[in-house]
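Colleague: here are the coordinates; sequence isn't available:
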């Protein structure tokens, strides 16, 4: 059975919801430890010496050790969230510590041990793009089930419909998902697949299925309490209809 897992995702696929469900289930504490722009913030939070005070190899080794400890969250299972655009970041990071290994699976499993790769995707790419654009414009990324804000990255701002921006995001999100599937095929990986739509409709069921794949006991369904709520609203539905109408005027 795997000792660790990587949630292979794209933005706005329910990765925060899944990470929190796994943490509550005692299956690690996954997060985005290897996004290049987040590394200085994580390193500071873990009280690591500054990267400028160490060799790149020494910093990478210290950072990997700290990330593994954080991703386990006091459990025996390591969890990591990895967006498609950060695969190269992780590859390069591991190569500093274990040079000479082929990129991808060989490097990752050398560091983290036997891995379960979880492909988290969203069937409705238009809805995914709308969620991403609204978050970027409004500054609000996540809310709790009671409506309180969990994550805000910018001052409040009313989102505005922008067909060109939405179309760019739909195209990019499609390409990211396709790139994941190409990478899985190249690496000889058959991932555990979860769709956002299924996760949001039945979080307890999807969590139980994932726990079974990890070889750990799943919590009782009644004890599964999603800590993140949907942000989709009437504006999201209006944007979706308008986008589809403008993308295909004949429909």
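Modeller: Done, it's in. Please read these numbers as outputs of a predicted model, since none were measured by experiment.
Colleague: and the host helix or strand of residue 42, which residues are buried?
Modeller: Secondary structure from DSSP states H and E places residue 42 in helix 39-45. By 16 or more other CB atoms under 10 Å, the buried positions in helix 39-45 come out as 39, 42, 43. Placement of C-beta: from N, CA and C, glycine included.
Colleague: again, but for stretch 227-234
Modeller: 228, 229, 231.
Colleague: re the thing from before, can you tell me which of the buried residues of helix 39-45 is closest to residue 202?
Modeller: Nearest to residue 202 among the buried residues of helix 39-45, counting by CB to CB, is residue 42 at 32.1 Å.
Colleague: residues touching the closest one, list them.
Modeller: Neighbour list for residue 42: 33, 63, 66, 67, 70 [criterion: CB atoms under 8 Å, 6 or more residues apart in numbering].
Colleague: repeat that for 10 Å
Modeller: 31, 32, 33, 34, 35, 48, 63, 66, 67, 70 (CB atoms under 10 Å, 6 or more residues apart in numbering).
Colleague: Could you confirm residue 117 falls within a strand?
Modeller: Yes. Counting by DSSP: H, G, I helix; E, B strand; the rest coil, residue 117 is part of a strand.
Colleague: That one pairs with what?
Modeller: residue 6 (DSSP bridges).
Colleague: One more: the one 4 residues further on?
Modeller: Residues found in beta-bridge contact with residue 121 (criterion: DSSP bridges) are residue 195.
Colleague: burial count for it?
Modeller: When neighbours are defined as other CB atoms under 10 Å, residue 121 has 22 of them.
Colleague: And the one 3 residues further on, by the same measure?
Modeller: By the measure other CB under 10 Å, the count of residues near residue 124 is 13.
Colleague: now residue 134
Modeller: Look at residue 134: counted by other CB under 10 Å, it has 23 neighbours.
Colleague: again with residue 200
Modeller: 18.
Colleague: And the contacts of residue 42, which is closest to residue 203?
Modeller: Of all these, residue 203 sits closest to residue 31, with 18.5 Å by CB to CB.
Colleague: that's a helix at that closest one, yeah?
Modeller: No. Under three-state DSSP, residue 31 falls outside any helix and is assigned coil.
Colleague: Model confidence for it, exactly?
Modeller: We have a pLDDT of 97 for residue 31.
Colleague: same thing with the one 10 residues further on?
Modeller: Per-residue pLDDT puts residue 41 at 94.
Colleague: What are the boundaries of the strands in this protein?
Modeller: 4-9, 78-83, 115-121, 140-143, 149-152, 192-195 (DSSP state E).
Colleague: among the ones you listed, which is the most enclosed?
Modeller: strand 4-9 (a mean of 26; mean count of other CB atoms under 10 Å).
Colleague: Which of the contacts of residue 42 scores worst on pLDDT?
Modeller: Ranked by pLDDT, those bottom out at residue 35 (88).
Colleague: tally of neighbours for that one?
Modeller: Residue 35, neighbours per other CB under 10 Å, totals 17.
Colleague: is it true that it touches residue 84?
Modeller: No. Judged on CB atoms under 10 Å, residue 35 makes no contact with residue 84 at a distance of 11.3 Å.
Colleague: Any idea how many residues pack against the closest residue in space to residue 127 that isn't next to it in sequence?
Modeller: Distances taken as CB to CB, 6 or more residues apart in numbering put residue 240 closest to residue 127, at 6.2 Å, once the chain neighbours are dropped. The number of residues packed near residue 240 is 17, by other CB under 10 Å.
Colleague: Residue 240 touches residue 163, doesn't it?
Modeller: No. Using CB under 10 Å, residue 240 makes no contact with residue 163, being 11.9 Å away.
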